[in-house]
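J.: Need coordinates for the following:
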Amino acid sequence: MTVRHARCPQCGKPALLSPDNRYRPFCSERCKLIDLGAWASGQYAIPGAEDESDPEEPSVEEGRHPRRLQ
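T.: Numbers count the residues shown, from 1 in each chain. The predicted structure is shown next:
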């Protein structure tokens, strides 16, 4: 069986690509947690379109449901 390695996406060091590496594709728990923290803080957010809601329509933040059925 051939041992496969890839570059750790966080630090660039070799990372073992097998079930024996519980942190794969990362090389260590530290790199895995750094990446998780970046996701949690929104650093990997994908920019979207501008908010296209109707300015005349009350928002959820104002305490009213925007499309309440009558």
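J.: what ranges do the strands span in the protein?
T.: Under the criterion DSSP state E, the chain carries strands at the ranges 5-7, 14-16.
J.: The last one packs against which elements?
T.: What it means is strand 14-16. If you count contacts as 3 or more CB pairs under 8 Å, 6 or more residues apart in numbering; DSSP states H and E, strand 14-16 packs onto strand 5-7. Quick note: C-beta positions are derived from backbone N, CA and C, even for glycine.
J.: Contacts for the strand it packs on, please.
T.: Applying CB atoms under 8 Å, 6 or more residues apart in numbering, the contact partners of strand 5-7 are 13-17, 25.
J.: can you do 6 Å?
T.: With contact meaning CB atoms under 6 Å, 6 or more residues apart in numbering, strand 5-7 is reached by 14-17.
J.: Redo those residues as a markdown table? Include neighbour count, pLDDT and distance to Gly37.
T.: Output for the contacts of strand 5-7, formatted as a markdown table (neighbours: other CB atoms under 10 Å; pLDDT from 0 to 100; distance: CB to CB, whole Å):
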| residue | neighbour count | pLDDT | distance to Gly37 |
| --- | --- | --- | --- |
| Pro14 | 10 | 95 | 23 |
| Ala15 | 22 | 96 | 18 |
| Leu16 | 16 | 95 | 23 |
| Leu17 | 13 | 94 | 23 |
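J.: Please tabulate the residues you listed in CSV and include distance to Gln43 as additional columns.
T.: Listed next are the contacts of strand 5-7 as CSV, based on distance: CB to CB, whole Å:
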residue, distance to Gln43
Pro14, 25
Ala15, 21
Leu16, 26
Leu17, 25
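J.: for these, which one is nearest Asp35?
T.: Nearest to Asp35, judged by CB to CB, of these is Ala15 at 12.0 Å.
J.: related to what we said a few turns ago, from the contacts of strand 5-7, which single one is nearest Pro47?
T.: Checking the contacts of strand 5-7 one by one against Pro47 (CB to CB), the nearest turns out to be Ala15, at 29.2 Å.
J.: ok, that closest one - contacts?
T.: Contacts of Ala15 by CB under 6 Å, 6+ apart are 6, 8, 25-27.
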